[in-house]
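turn this into a model:
(2 chains)
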Protein chains: 2
Amino acid sequence: MRRIVYLLITLVLVAGIVAFTALASGDVDEEAAPLFGVRIPPGYRDWRLISVAHEEGNLNDLRAILGNDVAINAYREGKLPFPDGTIIARLAWSYVSSEENNKVFGRSQSFVAGPPANGVQFMVKDSTKYASTGGWGFAQFNDGKPADAAVHNTCFSCHQHVKDRDFVFTRYAL
Amino acid sequence: MRRIVYLLITLVLVAGIVAFTALASGDVDEEAAPLFGVRIPPGYRDWRLISVAHEEGNLNDLRAILGNDVAINAYREGKLPFPDGTIIARLAWSYVSSEENNKVFGRSQSFVAGPPANGVQFMVKDSTKYASTGGWGFAQFNDGKPADAAVHNTCFSCHQHVKDRDFVFTRYAL
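Numbering: from 1, shown residues only, chains lettered A, B, ... in the order given. As a prediction, the model looks like this:
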């Protein structure tokens, strides 16, 4: 009897360790965004800069658009459509008036990046896998968690407006 | 006589090639910024992103602040003062209302990076060479040419206001 109890405790511990390891490594289904199955690309914060922007209104953010090497090379060579393997990342931060900068300048003119805002978005090019959406998979993560399917349903319909630029809004900032 | 003419032609050609090569490689005194002698660091457009900002008023730009590896590591480790070898680059572009984005959104809310504006600026940390200006050398280049001494005279007096952050305005955008 005691042997069975030890065996059960061991099994529970092993199951717990396996589950914890899977969660910690992000290697669980819940981490993939709905519809397109895109996961957060490792190291995207280190990618090179494509451009910057400011959105007013409800978004009210400052944003940076970064690209992996495939994306940056395609942009610089003016290559359209973007080749498979392209990933474009859109980071955004709250649009914050910088009191400390304004004091130095002697007037209110400086706006800086505050805390992260509006999630992180990715466009992943795979012309086979995402053939029905212009070759692009779309994803948004809020605090590291994928947004729901309703959010992801809006991506392609909006990006269709820039079909002539391979569905990508952002131009490269020279 | 003919031999001397050939010799002279050869000398002129060699001098021309040497001058052209020096200019093409940017290895001439005119390319260094006044006061601090800073030159444009090769490959700075490929550096990683520190943060983004928007300046109103006369500047009227969207800007990206990039850092070389020493800068990025120091920022991420919260290391102050920044170590020697740190270089921080400030790129900027005209603040342009994006008509094409606004059409898609159905309202005027989107501002993007237009043509380059307000030059490119660099802060270079060398605590020995620039001991009298907080360890920083400052430079601004407009269309690849250094701005004049009067412009460079304003750098340190303004950055002195953020002495407690090692004279650096920009905070790292998480």
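
is it true that A:Lys129 touches A:Gly137?
Yes. Under the criterion of C-beta atoms under 8 Å, A:Lys129 makes contact with A:Gly137 at 6.8 Å. All C-beta atoms are positioned from the backbone trio N, CA, C, and that covers glycine.

these two: who's more crowded?
A:Gly137 (21 against 15; other C-beta atoms under 10 Å in any protein chain shown).

what's the nearest residue to the more buried one if we skip its chain neighbours?
Using C-beta to C-beta, 6 or more residues apart in numbering or on different chains and skipping the chain neighbours, the partner closest in space to A:Gly137 is A:Phe36 (3.6 Å).

next helix or strand past the longest strand seen in chain A?
Identified as the longest strand of chain A according to DSSP state E is strand A:87-97. Per DSSP states H and E, strand A:87-97 leads on to helix A:99-105 as the next helix or strand towards the C-terminus.

do that following helix and chain B meet at all?
Yes. Using C-beta under 8 Å from any C-beta of the partner chain, helix A:99-105 comes into contact with chain B via A:100-101, A:103-105.

between strand A:87-97 and the helix or strand following that helix, find me the angle.
On the C-terminal side of helix A:99-105, the closest following helix or strand by DSSP H and E is strand A:110-116. Angle, strand A:110-116 to strand A:87-97, by axes from the mean of the first three to the mean of the last three C-alpha atoms, to 10 degrees: 120 degrees.

can you list the strands that strand A:110-116 pairs with?
strand A:87-97 (antiparallel), strand B:48-55 (antiparallel) (DSSP bridges).

got the CA coordinates for the longest one in CSV?
If I follow you right, that is strand A:87-97. Written as CSV, here are the backbone C-alpha positions of strand A:87-97 (Å, rounded to 0.1, in the frame of the first residue of the first chain):
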residue,chain,number,x,y,z
ILE,A,87,8.2,38.9,-40.3
ILE,A,88,7.2,42.4,-39.5
ALA,A,89,6.7,43.4,-35.9
ARG,A,90,4.7,46.4,-34.7
LEU,A,91,5.5,47.5,-31.1
ALA,A,92,3.7,50.4,-29.5
TRP,A,93,3.8,52.5,-26.3
SER,A,94,1.5,55.0,-24.7
TYR,A,95,1.9,58.5,-26.1
VAL,A,96,3.2,60.4,-23.1
SER,A,97,3.9,64.2,-22.7
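
that strand: how far from the chain's middle?
Relative to its chain's centre, strand A:87-97 lies at 10 Å (C-alpha atoms, centre = their mean, to the nearest Å).

for chain A, name the helix or strand with the lowest mean pLDDT.
Of all helical and strand segments in chain A, the minimum by mean pLDDT, DSSP states H and E falls on helix A:2-24, at a mean of 56.

mind listing what's buried in stretch A:118-131?
Using 16 or more other C-beta atoms under 10 Å in any protein chain shown as the test for burial, stretch A:118-131 gives A:118-126, A:130.

could you give the number of residues near the nearest residue to A:Pro34 once chain neighbours are set aside?
Counting by C-beta to C-beta, 6+ apart, A:Pro34 lies nearest to A:Ala149, which is 4.2 Å off, once chain neighbours are set aside. Neighbourhood size, A:Ala149 [other C-beta under 10 Å]: 10.

hang on, A:Ala149 packs against A:Leu35?
Yes. A:Ala149 is in contact with A:Leu35 according to C-beta under 8 Å; the separation is 6.0 Å.

name whatever forms a beta bridge with the residue nearest to the spatial centre of chain A.
Centre of chain A computed as the mean C-alpha position; nearest residue by C-alpha atoms, centre = their mean is A:Gln121, 3.1 Å away. Taking DSSP bridges as the rule, A:Gln121 bridges to A:Arg90, A:Gln140.

ok, it to A:Glu31 distance?
Going from A:Gln121 to A:Glu31 by C-beta to C-beta, to the nearest Å gives 16 Å.

so who does the closest residue in space to A:Tyr44 that isn't next to it in sequence touch?
For A:Tyr44, ignoring the flanking residues on the chain, the nearest one in space by C-beta to C-beta, 6+ apart is A:Ala89 at 4.7 Å. When contacts are counted by C-beta atoms under 8 Å, 6 or more residues apart in numbering or on different chains, A:Ala89 touches A:41, A:44, A:47, A:65-67, A:120-122.
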